[in-house]
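K.L.:
Quick one, fold the following:
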Amino acid sequence: MVEFTRNRHSLLCQSDNEALQIEAWGRDGVRLRATKLTGIRQDWISALDNPGGYPAVIEIHETGASLRNGLITVKIGSRGELTFENAKSGKTLLREKPIHALSIPARVYRDLSGGLFHIEACFEAHEDERLFGLGQHPHGRLDQKGCVIDLIQRNTEVAIPFLLSSRGYGFLWNNPAVGRVELGANATRWVAEAAPQMDYWVTAGDDPRQILSNYADVTGHAPVLPAWASGFWQSKLRYGSQAELEAVAEEYSRRKLPLSVIVIDFFHWTRQGDWQFDPKSWPDPGRMVLTLEKLGVKVMVSVWPTVNRQSPNWQEMWGKGFIARNKTGTPAHFYFVDIGDEDGTYIHYYDSTHPEARKYIWEKVKQGYVQYGIKIFWLDACEPEMIPMTPENLHFYAGDGNAVANIYPRDHVRGFYEGMKAQGEEDFLFLCRSAWAGSQRFGAAVWSGDINSTFAELRAQVRAGLNMALSGIPWWTTDIGGFRGGDPAEPEFRELVVRWFQYGAFCPLFRLHGHRLPNSNDFNGADNEVWSFGAEAYAILREYLLLRERLRPYIMEQMRLTHESGIPPMRPLFVDYPSDPACWAVEDEYMFGPDLLVAPVLEAGARRRKVYLPAGSSWRNAWTDQPVISGQWIDVEAPLERIPLFLRGDAMLPIKAG
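P.N.:
Numbers count the residues shown, from 1 in each chain. Down below sits the predicted model:
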């Protein structure tokens with residue numbers, strides 16, 4: 001039997017061996033926490049930022065209890081079983097399902113040491129349900145029904161445990177633990193390898209926009225995108241010197257090509273963990289920043305969370321407990337090369353969950369970069385990329401590795417955000433390779449990691465970017481052309497770069513990056529500027545640079561709306577057209593704001609493609625201005641120089657020059 005106790009905004013349910021607390025949390029949302037400890041830990045790590053003070057309607061009766069907050073009702077049966085319903089329609093959104101009808105309940109706790117449990121939560125599955133979000137994964141699917149998704153941070157995989165369901169709800173597994181979610185035909189099961197309690201949040205909405213807005217309200221809205229960030233970013237692996245970097249920026253200026261940001265990647269430092277320029281290659285960073293500012297170009301610098309034992313900062317950081325610890329074996333986390341250690345050395349990761357460690361890193365970054373006027377940082381390798389990644393062997397300031405590891409990237413970007421905010425800065429954007437729920441409120445922009453230079457990878461990026469948008473991360477991008485490989489002299493790669501560049505022009509962030517062939521011993525790689533791929537490609541890339549520049553007022557308006565509403569600028573068709581069933585199945589087109597439909601070309605050699613135009617709006621071809629009938633698939637010409645674009649209604653955007 002379950003004993004119920006009512007509070008103002010919450011319902012407490014106590015059985016012989018489980019404490020369960022349900023609260024109204026955010027608009028149309030409820031938060032559930034449950035444990036087999038003596039009580040709920042109110043201090044445990046959470047992505048939820050703002051409960052909002054919404055009133056709960058609570059009823060207790062002989063056969064159970066219920067709590068309603070706006071559009072959502074949760075019902076608790078006499079044995080503690082849970083059902084979530086749309087309070088307006090009465091439709092069941094989500095219902096617990098016993099793992100075994102006779103012997104294993106829907107909520108499972110297996111005792112571990114140190115006040116932790118292996119935890120599972122099991123729910124009914126529905127054949128017609130589509131499931132989106134969950135961060136970024138390389139499986140190449142938008143609808144993830146049928147997938148098993150590991151909840152662990154890896155290079156190219158970003159674990160954000162939020163799902164948006166076609167049944168009209170959003171679900172956040174509010175737990176930084178390593179685990180998985182199984183989106184099976186017979187059940188949906190969430191698993192945490194180690195946690196003190198179960199913790200999740202459910203919201204209902206009349207449409208996906210309302211669900212996404214509710215989610216942003218409780219996990220945090222992204223800041224307003226800085227104006228400079230909506231332009232073109234130039235990057236490669238790597239610019240080896242101040243002179244080389246300045247020459248590239250000056251060449252963009254000479255060619256009258258728009259350039260907003262140029263990036264200084266890794267190995268510009270003395271050693272990992274010094275967080276400063278190598279004066280041999282970067283003799284006058286202050287003058288460099290001023291020179292580039294005169295050209296209208298911002299400088300971004302790559303900052304890694306890693307420390308070499310040869311760094312003078314190592315001993316102090318180790319002594320103060322600022323380095324993530326291994327439970328057994330060496331404290332080293334990664335065998336890599338470094339300046340002065342070309343044959344390889346062991347690298348260590350600082351502990352981003354330690355508040356004083358975050359402050360320490362920021363002070364070093366201020367001394368090494370901010371003093372020269374650099375205020376834009378690329379937070380690379382922030383999963384953290386430990387090899388092998390064995391979180392069960394890690395101990396962080398925040399707790400056991402299996403219980404807290406997924407929080408690392410969010411706390412890392414938080415340290416930079418809080419450091420800049422304390423200095424009175426107002427523009428926040430940090431390019432990150434990983435994130436967790438709520439990272440967006442600290443100005444995290446995410447890119448898709450070290451992906452391969454193939455059309456298959458490009459196809460996967462479209463789905464990955466849309467799922468990231470549905471996971472609360474509105475600022476997202478890829479390495480245009482892919483990161484690994486690609487010879488600028490090869491015709492096949494030049495075609496790939498053109499198609500990827502066209503797609504990149506209609507991503508929230510527009511950034512060219514990659515490790516081009518042939519490789520070089522100094523880790524510079526081949527050239528990777530827009531003029532590096534031959535005359536035909538250059539002419540096309542130039543036109544899309546100019547097109548992006550014309551679209552920047554429209555893009556900034558979408559970014560302002562994103563800041564206010566939580567609706568991402570880049571989103572699947574069903575976000576704007578939920579009543580059109582076909583839109584829920586379209587995975588390779590998207591809306592870029594409300595007025596522009598983008599259908600990138602994703603196949604080598606393709607010069608046509610099929611495009612679906614959603615019902616409910618009128619459409620016209622953005623290149624020809626010809627109207628097209630909505631609610632149907634059409635065959636569209638797509639010569640190499642053209643990405644299919646369609647304008648909604650009477651929208652007027654400067655797609656064509658002139």
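
K.L.:
domains for the chain, by residue range?
P.N.:
Using automatic domain parsing, the domain parsing of the chain gives 3-204, 227-305+360-385+404-561, 570-648.

K.L.:
end to end, how far does the longest one reach?
P.N.:
Right, the one you point to is domain 227-305+360-385+404-561. 14 Å (CA to CA, to the nearest Å).

K.L.:
The first one too?
P.N.:
Criterion CA to CA; first-to-last residue distance in domain 3-204 is 27 Å.

K.L.:
My guess is residue 504 contacts residue 510. True?
P.N.:
Yes - using CB atoms under 8 Å, residue 504 is in contact with residue 510, at 5.3 Å. Heads up, the C-betas are built off the backbone N, CA and C, glycines and all.

K.L.:
Common neighbours of those two, please.
P.N.:
477, 480 (CB atoms under 8 Å, 6 or more residues apart in numbering).

K.L.:
Any buried residues in stretch 232-248, and which?
P.N.:
232-242, 245-246, 248 (16 or more other CB atoms under 10 Å).

K.L.:
How about stretch 630-637?
P.N.:
Applying 16+ other CB under 10 Å to stretch 630-637 flags 630, 634, 636 as buried.

K.L.:
wait, isn't residue 153 in contact with residue 409?
P.N.:
Yes - using CB under 8 Å as the test, residue 153 is close enough to residue 409 to be in contact (6.2 Å).

K.L.:
Common neighbours of the two, please.
P.N.:
383, 384, 434, 436.

K.L.:
Give me the pLDDT for the second one.
P.N.:
The per-residue pLDDT reported for residue 384 equals 97.

K.L.:
Leaving out chain neighbours, which residue sits closest to it?
P.N.:
Sequence neighbours aside, residue 349 is the residue nearest to residue 384 in space, at 4.5 Å (criterion: CB to CB, 6 or more residues apart in numbering).

K.L.:
got the buried residues for the helix or strand hosting that neighbour?
P.N.:
If you go by DSSP states H and E, residue 349 is part of strand 341-349. Neighbour counts over strand 341-349 (16+ other CB under 10 Å) mark 341, 345, 347, 348, 349 as buried.

K.L.:
thinking again about what came up before, most neighbours among the shared contacts of residue 153 and residue 409, please name it.
P.N.:
residue 434 (31 neighbours; other CB atoms under 10 Å).

K.L.:
Now do the same for that residue: helix, strand or coil?
P.N.:
Per DSSP: H, G, I helix; E, B strand; the rest coil, the secondary structure class of residue 434 is coil.

K.L.:
rewinding a little: just name the closest of the buried residues of strand 341-349 to residue 389, please.
P.N.:
residue 349 (10.9 Å; CB to CB).

K.L.:
Tell me the one among the shared contacts of residue 153 and residue 409 nearest to residue 81.
P.N.:
Within the shared contacts of residue 153 and residue 409, the smallest distance to residue 81 is 29.8 Å, found for residue 436 (CB to CB).

K.L.:
Need the three-state assignment for the nearest residue to the closest one once chain neighbours are set aside.
P.N.:
Excluding the flanking residues, the one nearest residue 436 by CB to CB, 6+ apart is residue 410, at 4.1 Å. At residue 410 the chain is in helix, as set by three-state DSSP.

K.L.:
count of residues packed around residue 410?
P.N.:
27.

K.L.:
List the residues that contact it.
P.N.:
47, 435, 436, 437, 438, 439, 442, 444.

K.L.:
one more time with 7 Å
P.N.:
Neighbouring residues of residue 410 by CB atoms under 7 Å, 6 or more residues apart in numbering: 435, 436, 438, 439.

K.L.:
Among those, which pair sits farthest apart?
P.N.:
Maximum distance among the contacts of residue 410 (CB to CB): 8.6 Å, for 435 and 438.

K.L.:
The two - which one has more neighbours?
P.N.:
residue 435 (32 against 24).

K.L.:
Do I have it right that that one meets residue 446?
P.N.:
Yes - with contacts counted by CB atoms under 7 Å, residue 435 reaches residue 446, the gap being 5.1 Å.

K.L.:
Point out the most buried one among the domains of the chain.
P.N.:
domain 227-305+360-385+404-561 (a mean of 21; mean count of other CB atoms under 10 Å).

K.L.:
Stretch 152-169 - what's its average pLDDT?
P.N.:
98.

K.L.:
Dump the C-alpha coordinates for it into CSV.
P.N.:
Taking C-alpha atoms only, stretch 152-169 is exported to CSV below (Å, rounded to 0.1, in the frame of the first residue of the first chain):
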residue,chain,number,x,y,z
ILE,A,152,27.4,8.6,-22.5
GLN,A,153,29.4,11.5,-24.0
ARG,A,154,31.7,10.5,-26.9
ASN,A,155,33.3,12.3,-29.8
THR,A,156,30.5,12.7,-32.4
GLU,A,157,27.8,11.5,-29.8
VAL,A,158,26.2,14.0,-27.5
ALA,A,159,24.0,12.5,-24.7
ILE,A,160,21.1,14.8,-24.0
PRO,A,161,18.4,12.6,-22.4
PHE,A,162,15.3,14.5,-23.7
LEU,A,163,12.7,13.0,-26.0
LEU,A,164,9.9,14.7,-27.9
SER,A,165,7.1,12.2,-28.7
SER,A,166,4.5,12.4,-31.5
ARG,A,167,2.0,11.4,-28.9
GLY,A,168,2.2,15.0,-27.5
TYR,A,169,4.7,14.9,-24.6
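
K.L.:
Distance from the chain centre to it, please.
P.N.:
In terms of CA atoms, centre = their mean, to the nearest Å, the centre of stretch 152-169 is set 9 Å apart from its chain centre.

K.L.:
so which strand or helix has residue 215?
P.N.:
helix 208-219.

K.L.:
name the helices or strands packed onto that helix?
P.N.:
For helix 208-219, the elements it packs on are strand 158-165, strand 169-173, strand 198-204, helix 573-576, judged by 3 or more CB pairs under 7 Å, 6 or more residues apart in numbering; DSSP states H and E.

K.L.:
do you know how far residue 441 is from residue 266?
P.N.:
27 Å (CB to CB, to the nearest Å).

K.L.:
Same check on residue 566?
P.N.:
33 Å.

K.L.:
How about residue 501?
P.N.:
For residue 501 relative to residue 266 (CB to CB), the value is 24 Å.

K.L.:
go on, residue 29?
P.N.:
Counting by CB to CB - residue 29 and residue 266 are separated by 41 Å.

K.L.:
Residue 91: what's it in contact with?
P.N.:
With CB under 7 Å, 6+ apart, residue 91 has these contacts: residue 85.

K.L.:
Show the model's pLDDT score for it.
P.N.:
Reading off the model, residue 91 has pLDDT 98.

K.L.:
swap in residue 521?
P.N.:
67.

K.L.:
Same question for the one 4 residues further on.
P.N.:
Predicted confidence (pLDDT) for residue 525: 88.

K.L.:
ok so, going back, out of the helices and strands packed on helix 208-219, which comes closest to residue 367?
P.N.:
Among the helices and strands packed on helix 208-219, strand 158-165 sits nearest to residue 367 (CB to CB), with 30.4 Å.

K.L.:
Return the angle between stretch directions for the closest one and helix 208-219.
P.N.:
130 degrees (axes from the mean of the first three to the mean of the last three CA atoms, to 10 degrees).

K.L.:
Starting from strand 158-165, tell me which strands it pairs with and how they run.
P.N.:
Strands adjacent to strand 158-165 in the sheet, as given by DSSP bridges, are strand 131-136 (antiparallel), strand 169-173 (antiparallel).

K.L.:
before we move on, back to that, okay if I get the helices and strands packed on helix 208-219 as a markdown table plus distance to residue 292?
P.N.:
Shown next, in a markdown table, are those (distance: least, CB to CB, whole Å):
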| stretch | distance to residue 292 |
| --- | --- |
| strand 158-165 | 30 |
| strand 169-173 | 41 |
| strand 198-204 | 44 |
| helix 573-576 | 38 |
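
K.L.:
Can you check which of these gets nearest to residue 255?
P.N.:
strand 158-165 (35.3 Å).

K.L.:
now the closest one against strand 198-204, angle please.
P.N.:
Using the same axes, to 10 degrees: strand 158-165 against strand 198-204 is 40 degrees.

K.L.:
Nothing else from me, thank you.
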